[in-house]
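[1] Structure, please.
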Amino acid sequence: MTRQTRYSPEVRARAVRMVVEHRGEHASEWAAIGSIAAKIGCTAETLRGWVRQSERDQGLRAGPTTDERERIRSLEREVRELRQANEILRKASAYFAMAELDRRPKP
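    Residues are numbered from 1 along each chain as shown. Below you'll find the predicted structure:
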């Protein structure tokens, strides 16, 4: 299950770079984000998320980096698959145990 992104990584990186470069020209970081978001055609909240993630990736902000988030998603997917496999095996074991009990003993 893959997500299609509306904006390419290049557009995201350029938008984040523009926010960083133009912070001083606006009253606040949010004003800079709003201005640049309108220019590239995304919402200000989307661009704010990109900026925050970029700060985490650079070590400027606490939280998981992009690589760590991908690793977490991968591990969560693996755990989900293993739980499904365990449930299937548990049901099969119960089915075969019941079949063994129902079997007639050999003379």
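[2] Helix, strand or coil: sort out residue 64 for me.
    With DSSP: H, G, I helix; E, B strand; the rest coil as the basis, the three-state label of residue 64 is coil.
[3] count of neighbours near it?
    Residues lying near residue 64 (other Cβ atoms under 10 Å) number 13. Yep, even glycine has a C-beta here, placed from its N, CA and C like the rest.
[4] how near is it to residue 5?
    Applying Cβ to Cβ, to the nearest Å, the value for residue 64 to residue 5 is 19 Å.
[5] and what of residue 25?
    The gap separating residue 25 from residue 5 is 28 Å, by Cβ to Cβ.
[6] got any ranges where this structure has weak pLDDT?
    Residues of the chain meeting the criterion pLDDT under 70: 1-4, 104-107.
[7] mind listing the helices for the protein?
    With DSSP state H as the criterion, the chain has helices at 9-22, 29-40, 44-57, 66-102.
[8] Tabulate the ones you listed (JSON lines), appending mean neighbour count.
    Below are the helices of the chain laid out as JSON lines (neighbours: other Cβ atoms under 10 Å):
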{"stretch": "helix 9-22", "mean neighbour count": "15"}
{"stretch": "helix 29-40", "mean neighbour count": "16"}
{"stretch": "helix 44-57", "mean neighbour count": "17"}
{"stretch": "helix 66-102", "mean neighbour count": "10"}
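[9] residues touching residue 17, list them.
    Listed by Cβ atoms under 8 Å, 6 or more residues apart in numbering, the contact set of residue 17 is empty.
[10] How is this protein partitioned into domains?
    Domain ranges of the chain: 1-63, 64-107, per automatic domain parsing.
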